[in-house]
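Student: Dropping a prediction and its sequence here:
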Amino acid sequence: MVQGKTKGLQNKASSSRHAAKAAANMKKGQRAIAPKKPMLMKQAAMKKDLTAKINKSIERQMVSAASSGKLTIMKNTIPEGSSSASGSKSKPGK
């Protein structure tokens, strides 16, 4: 039995492989904690549902606009007569 320190033996170096593997599993983007209170859960579900409906509506509009003719850069579909009227309005935020 060895009673003193042994020469030449070193502690095992902590592997950076584990840290790299954990970092590789992380996803980019904002992290969110799911709500626990019933009222907040209901609000989160409603927001998710509304967001899905809005996105679906936008996608439908894009498909219908793209299928109507040749593919071009889409512009606002405001009639030209009403664009001059809206230009005279001031911004409500300022």
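Tutor: Here it is on my side, so go on.
Student: May I see the buried residues of the helix ranked longest in the chain?
Tutor: Secondary structure of the chain per DSSP state H: the longest helix is helix 38-67. Going by neighbour count (16 or more other C-beta atoms under 10 Å), nothing in helix 38-67 comes out as buried. C-beta coordinates here come from the backbone N, C-alpha and C atoms, glycine included.
Student: for that helix, packing partners?
Tutor: Of the remaining helices and strands, none touches helix 38-67 by 3 or more C-beta pairs under 8 Å, 6 or more residues apart in numbering; DSSP states H and E.
Student: what about it, average pLDDT?
Tutor: Averaging pLDDT along helix 38-67 yields 93.
Student: Now residue 32: phi and psi?
Tutor: Dihedral pair for residue 32: phi -130, psi 140, per degrees, to the nearest 10.
Student: One more: the one 3 residues further on?
Tutor: Phi and psi for residue 35, reported as degrees, to the nearest 10, are phi -70, psi 150.
Student: where's it relative to residue 63, distance?
Tutor: According to C-beta to C-beta, to the nearest Å, residue 35 stands 34 Å off from residue 63.
Student: What of residue 45?
Tutor: 27 Å.
Student: Equivalent analysis for residue 55, please.
Tutor: 13 Å.
Student: before we move on, what SS does residue 28 have?
Tutor: coil (DSSP: H, G, I helix; E, B strand; the rest coil).
Student: ugh, wrong one, residue 36
Tutor: Going by three-state DSSP: residue 36 is coil.
Student: What about it, how many residues nearby?
Tutor: 7 (other C-beta atoms under 10 Å).
Student: Can you report phi and psi for it?
Tutor: phi -110, psi -30.
Student: Likewise for residue 30?
Tutor: Residue torsions, per degrees, to the nearest 10, at residue 30 are phi -70, psi 140.
Student: gap between the two ends of stretch 20-34?
Tutor: 27 Å (C-alpha to C-alpha, to the nearest Å).
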